[in-house]
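Q: sharing a model prediction with you, sequence too.
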Amino acid sequence: MATDHSRVAARFMISPAVLLLLGWMIIPLSMTIYFSFLNYNLLSPGMEEWIGFTNYEYFLTDPAFFAALGNTLLLVGGVLLITIVGGIGLALLLDQPMWGQGIVRILVIAPFFVMPTVSALVWKNMFMNPVNGLFAHAAKALGFAPFDFFAHAPLFSIIMIVAWQWLPFATLIMLTALQSLDQEQLEAAKMDGARKFNRFFHITLPHMSRAITVVILIQTIFLLSIFAEILVTTNGGPGYASTNITYLVYAQSLLQFDVGGGSAGGIVAVILANIVAFFLMRMIGKNLET
Amino acid sequence: MLSNKTDYRKLLMTLLAWSVGLLIFFPILWTILTSFKTEADAIASPPLFLSFDWTLENYTEVQERSNYFRHFWNSVVISLGSTVLGLLIAIPAAWAMAFVPAKNTKNILMWMLSTKMLPPVGVLIPIFLIFRDTGLLDTLTGLVIVLTLINLPIIVWMLYTYFKEIPGEILEAARMDGATLWSEIIHVLTPMALPGIASTMLLNIILAWNEAFWTLSLTAAKAAPLTAFIASYSSPEGLFYAKLSAASTMAIAPILIMGWFSQKQLVRGLTFGAVK
Amino acid sequence: MKYLTRAIASATVIASMFTTSAVADKLTIATVNNGDMVRMQKLTDDFAAKHPGIELEWVTLEENILRQRVTTDVATKGGQYDVMTIGTYEVPIWGKKGWLVPLNDLPESYDVDDILPAIRGGLTVDDKLYAAPFYGESSMVMYRKDLMEKAGLEMPEAPTWDFIAKAARAMTDKKNETYGICLRGKAGWGENMAFLTATANSFGAKWFDMDWKPQFDSAAWKKTLSFYVDLMNETGPPGASSNGFNENLALFQSGKCGMWIDATVAASFVTNPKDSQVADKVGFSLAPDAGLGKRGNWLWAWSLAIPAGTEKSESAKKFVAWATSKEYLELVASKEGWANVPPGTRASLYANPEYAKVPFAKMTLDSINIADPTKPTVDPVPYVGVQFVAIPEFQGIATTVGQQFSAALAGNSTVDQALTNAQRITERAMKKAGYIK
């Protein structure tokens, strides 16, 4: 039904967005690729020389790399798991009749508005600090020894902080999906004597699958490049216990000022992100097909 | 009176939902409370909840140390600027994708989203060099450009999913009546898409406001937004919980208040096509 | 020809008069968010009164972010800053590369010879001063006199590590949240590695031998790290592996530490009754040794430098001279008392009888004077720097090594593992940088 005229117009309308993003991607990326083959330390400018794949060799054989790869997956997976399960639970709860639903919703979505830096600072100092943090006070009041979160469970602590920030987003999406559920269908199932449990798994959950996909897609995009929370809380440590790929690349290029090594790391991260993107897109593509 | 089973259930749900809500909100509440304490009260053991001497001295101190209003203004300019610019570029693109889909539309969309997965630190040095050579370092213009670009994929996609839900028949009817492309967009599409646009705008403002990597790396003094303001409090100097809390409250309050007031609009369009 | 030159010269004079008088010069100053710097920001009215044509713009940042931003800026000639706060690690490296404006033409009244020789030496490259020290520091032991007395011990003026360990054990009372010793554990070349490198010097360890071969496989390093980890596990506070200078300061101020070995500047914070709950109970002594002739104290100076790219170097020099002048010290003294004056830069300050009354003045000066960046270790080494190695690669390597040591402290790896990893990391990096084959 689309005319040739509107097809041309459509191309014309898409092109600014496409061209800008293309430029945004290709120009810096090609510079990064070029840098990744140089021995380029920011502190020794003018001494750059072509060294082939040496930077890649060093980056990929760095024990930190594998630790970071695992941490990245754990971080993304852990946060997704918590926010999806928690989001569905919260959405079901918020969907119930109650007094003051509006206010509860306001309370629940608040963390989404908080800057990652601020939330990491607040959690680190005022809650998880083993001497003056609120958790330490609580532990002492109950007669336990305070738990040192960032020394003994650094990745877990970061997952918790990030999950707190993203839980509202997941909840909101799930809630909208839930509210669009056909009540008649549920009623019918009730009539048929389907138990609550079964109703949830056979009607509600399938209905929410699109919402879940959306949450996975959007959050993965942001979670792959989690950075501020790590910088503020653990600096990737102790050891490499909470270093993810993004942080590793940051450490290479801005703590060690090894632009060559950092660029090689950046390119590796881009390739990995594309692999993730590929699978994600296929999955999403299937689920969002209309 | 609570007379029947439904009412008891409602009461139970209310209690449960409120406790969960308060639990989730508690870190923010605690930060706000602490910002009114003295440093000594802030680390008192056992912690003081409400019974402390309320003071504003942390706010005075923070304002003395850093020019809050300038950072605030920069944040406003950057978030609004990048959002408006982003919408101007994204609305036509999303419109075209939704109503005149071509074979490769899906692929383009997915490719756009995948650019968002690239780790920003991988391209920091190149961008820094480009900015230096174009004189964009530490300028609001530069930040608006970068934030527009990094959030563009999300905007396009969100609008696309929203536009797609608008039934095509309406547009065809308008077209039958002889509406031109532009009047179709302005008179028919825009009113229907307004909730989606509003919610996209809100989400984007939030994302831009909270973006901390580029805003920190590409600014010094003139264009530094609130993320840079908070960076000067990110490590303690002696007792610092109360000051940190005051600075944090000041950094998040504007966006939190905006978010609360517009949450209905935000929620309405925040579906990403998740609802069928 | 002569006429032309004169015309150009006078035009330049007129132009420069025009720029200085009519257009206010706006200086962008990047600085670190510690107490002395924040105080300086509050005192800028004095500068504004003396130099009405110059406006100041502050960028206050946490140390690591500051370092990342100024380094990126200076190395790429970004030109975003006119004055940068940097340390004794950066100055020699940047000065040698010509990234900084030499400060040899400071006015007579500035009295550059008054700057303490140890500090001045660290900021000088090829006889040119490249940065003016805002405050200088070494490290020393700060301890609680009341707790020491309670433990039945007396702190010598120059303790050994054995005594420190003994005292820490005696003072620890974990039930009441009193921890015998607080030390840095947070990973970072300027955090735990500053402390550990300086400590290692006193145990006879070193980073590199004369052929730049890393030395973490040596017995001396093993002794250093085991001593540190054992002592901290037994007597340190919980969460030590994420404690840096500021966290420990908070702990000490709230009365939770018996001893704390750290920067001498901390002395004025822990004795300030406004912030510290133990202000009147603090004693000081030199950093410990192990009888090998070197003490575990470092040398550092936060200094103001002018990047070579700036067009406002004349105004910037005026600011640097103001902020590091004798008059500035007097200004702080008149507003906040002598104890809060930025310490460790000028001999005249220590000759001042008013300042001599400050309880930590002498110990600070003694600590600075015994630090020797040119001969930091027991054995000869190819590098300068007490708690760092003044090569560009150091901060990257040391931060990664710091992660390993932090993990050992947290109990996530053993001392041996941490040292093996440190050795491997350093070898890799030195190979990549071309120091060793």
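A: It's in. Numbering: from 1, shown residues only, chains lettered A, B, ... in the order given.
Q: residue B:153 is in contact with residue B:110, isn't it?
A: No: the criterion here is Cβ atoms under 8 Å, and residue B:153 misses it with residue B:110 at 9.7 Å. To be clear about C-beta, it is placed using only N, CA and C from the backbone, and glycine gets the same treatment.
Q: more crowded one of those two?
A: Neighbour tally, residue B:153 and residue B:110, criterion other Cβ atoms under 10 Å in any protein chain shown: the higher count belongs to residue B:153, 23 against 20.
Q: in what helix or strand does that one lie?
A: helix B:140-164 (DSSP states H and E).
Q: let me see the domain layout of chain B.
A: Structurally, chain B divides into domains by automatic domain parsing as follows: B:5-59, B:66-269.
Q: of all those domains, which one is nearest chain C?
A: domain B:66-269 (3.9 Å; Cβ to the nearest Cβ).
Q: just the terminal-to-terminal distance for the closest one.
A: 37 Å (Cα to Cα, to the nearest Å).
Q: which parts of chain A are strands?
A: For chain A, no strands are identified by DSSP state E.
Q: at the geometric centre of it, which residue do we find?
A: residue A:223 (1.5 Å; Cα atoms, centre = their mean).
Q: where in the stretch 51-200 of chain C is pLDDT low?
A: Within the stretch 51-200 of chain C, no stretch has pLDDT under 70.
Q: does the residue nearest to the centre of chain A touch residue A:77 like I think?
A: No: using Cβ under 8 Å, residue A:223 is not in contact with residue A:77, being 9.1 Å away.
Q: in terms of helices and strands, where is residue C:259?
A: Going by DSSP H and E, residue C:259 is in strand C:257-263.
Q: do any residues in the helix or strand following that strand lie close to chain B?
A: Where DSSP H and E defines the elements, the next helix or strand beyond strand C:257-263 is helix C:266-270. Yes: counting by Cβ under 8 Å from any Cβ of the partner chain, contacts between helix C:266-270 and chain B involve residue C:269.
Q: which residue packs closest to the residue of chain A found nearest chain C, ignoring adjacent ones?
A: Closest contact between chain A and chain C, by Cβ to the nearest Cβ, is at residue A:256 (2.5 Å). Distances taken as Cβ to Cβ, 6 or more residues apart in numbering or on different chains put residue C:396 closest to residue A:256, at 2.5 Å, once the chain neighbours are dropped.
Q: dump the residue contacts of the one you found.
A: Contacts here follow Cβ atoms under 8 Å, 6 or more residues apart in numbering or on different chains; on that basis residue C:396 touches A:251-252, A:255-258, C:429.
Q: OK, contacts around residue A:59?
A: Residue A:59 neighbours (Cβ under 8 Å, 6+ apart): A:65, A:252, A:261, A:264-265, A:268.
Q: most neighbours among those, please name it.
A: Busiest of the contacts of residue A:59 [other Cβ under 10 Å] is residue A:265, holding 33 neighbours.
Q: would you confirm that that residue contacts residue A:248?
A: Yes: at 6.1 Å, residue A:265 counts as touching residue A:248 under the criterion of Cβ under 8 Å.
Q: just the element for residue C:379, please.
A: Under the criterion DSSP H and E, no helix or strand holds residue C:379.
Q: per-residue confidence at it?
A: Listed pLDDT for residue C:379 reads 92.
Q: and the closest residue in space to it that isn't next to it in sequence, what is it in contact with?
A: With Cβ to Cβ, 6+ apart as the criterion, residue C:379 has its nearest non-adjacent residue at 6.1 Å, and that residue is residue C:206. Neighbouring residues of residue C:206 by Cβ under 8 Å, 6+ apart: C:200, C:215, C:218, C:220, C:377-379, C:381.
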